[in-house]
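sharing a model that was predicted from the sequence below.
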Amino acid sequence: MITKSLKRYLFLLFTCICGTAALAQNADSTLANANSTFKVKSLRYTFKQLIIPVSLVGIGFAVNGAGRESIKNEIVEERNEHIPHFRTRLDDYLQFSPLLLTYGFEAFGMKPKTEPVNRSVILLKSELLMMAAVTALKTTSHTLRPDGSAHTSFPSGHTAEAFAGAVMLSEEYGYRYKWVPYVSYGLASTVGALRVINNKHYISDVIVAAGIGILCTKISYWTHRYKWNKHNSHNYHVELN
């Protein structure tokens, strides 16, 4: 059974990441008008969009202390004492769910902001940035996983993948469907929590990874110039300016 203290840590992890990121996404997504035929501006850089991802990275580094009484080690001790044999592979698959929904929702009639070609280019750039950042940190930090299986603990690749996809899902549909950011960041936060419960990562690993995933997809949107498939862009809602 998961103890109250472990539940509290995981609940705080889930609500802090999911809630703040979803609220930030809703603040970034604005409608041009209330009609069904509206245009929304493509995502452009603003300083306030850095607050959430940079804060997550900073918090993650702050709780990454190596002392036995550090927050990250206390959570591992709680986990090992009460659920030492818990293991699920759900997080291995759930990490990709935001990206699958990004394309799946369209198949069920929901209209994304960006047409498929430009959206896929944005996704590719985001994935390359995210993988480069995660690989670089894993290589330089060489941190042993809580279960002792490998020196690739910091940061969590699963969590970075999930949050990178969550940003895209929210950006593409959150402008019109206000519930989407909560679903997308809820799924991503669940992945992060499962990585901790599975004893594959410390809480600091998943918090930093969440910030990395969010930032990489934001950068991909900020730098995109929508040069492809312009003849089909009129069928979508992004305003190319």
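Structure received.

hmm, Asp205 is touching His158, no?
No: between Asp205 and His158 there is no contact under C-beta atoms under 8 Å: 9.7 Å. For the C-beta atoms, the positions are set from N, CA and C on the backbone; glycine is no exception.

how far away is Leu206 from Asn198?
One correction, residue 206 is Val, not Leu. 11 Å (C-beta to C-beta, to the nearest Å).

again but with Thr190, I slipped
12 Å.

what does Leu187 give?
According to C-beta to C-beta, Leu187 and Asn198 sit 16 Å apart.

what's the closest non-adjacent residue to the most centrally placed residue in the chain?
When C-alpha atoms, centre = their mean is applied to the chain, the residue found nearest the centroid is Phe163 (1.0 Å). Nearest in space to Phe163, with sequence neighbours left out and distances taken as C-beta to C-beta, 6 or more residues apart in numbering, is Gly213 at 3.1 Å.

and for Asn64?
Distances taken as C-beta to C-beta, 6+ apart place Ser204 nearest to Asn64, at 3.8 Å, with adjacent residues excluded.

so what's the one you found up against?
Residues near Ser204 by C-beta atoms under 8 Å, 6 or more residues apart in numbering: 60-61, 63-64, 71-72, 154.

ok, the nearest residue to Gly157 once chain neighbours are set aside - contacts?
Leaving aside its chain neighbours, Gly157 sits nearest to Val134 (5.0 Å; criterion: C-beta to C-beta, 6+ apart). Contacts for Val134 (C-beta under 8 Å, 6+ apart) come out as 155, 157, 160, 209, 212.

quick check on the first one: phi, psi?
This points to Pro155. Dihedral pair for Pro155: phi -90, psi -170, per degrees, to the nearest 10.

which stretches of the protein form strands?
With strands called from DSSP state E, the chain shows them at 40-41, 238-239.

from Thr159, how far out is Gly60?
Distance, Gly60 to Thr159, by C-beta to C-beta: 10 Å.

which one of these two is surrounded by more residues?
Per other C-beta atoms under 10 Å, whichever of Gly60 and Thr159 has more neighbours is Thr159, with 31 against 24.

who's in contact with the nearest residue to that one once chain neighbours are set aside?
Once flanking residues are discounted, Thr159 sits nearest to Ala209: 3.8 Å by C-beta to C-beta, 6+ apart. Applying C-beta under 8 Å, 6+ apart to Ala209 gives the contacts 60, 134, 155-160, 163, 192.

in this structure the residue nearest to the centre of the chain contacts Val208, no?
No: between Phe163 and Val208 there is no contact under C-beta under 8 Å: 10.7 Å.

residues in contact with both of these two, list them for me.
Both Phe163 and Val208 lack any common contact, where contact means C-beta under 8 Å, 6+ apart.

quick revisit: so what's the residue nearest to Asn64 scoring on pLDDT?
The per-residue pLDDT reported for Ser204 equals 95.

what's near enough to touch the closest residue in space to Val54 that isn't next to it in sequence?
Closest residue to Val54 apart from its sequence neighbours, by C-beta to C-beta, 6+ apart: Gly211 at 6.8 Å. Under the criterion of C-beta under 8 Å, 6+ apart, the neighbours of Gly211 are 52-58, 60, 163.

mind listing the helices for this structure?
Assigned by DSSP state H, the helices in the chain fall at 4-28, 51-62, 71-82, 90-94, 97-107, 116-141, 157-173, 180-197, 203-222.
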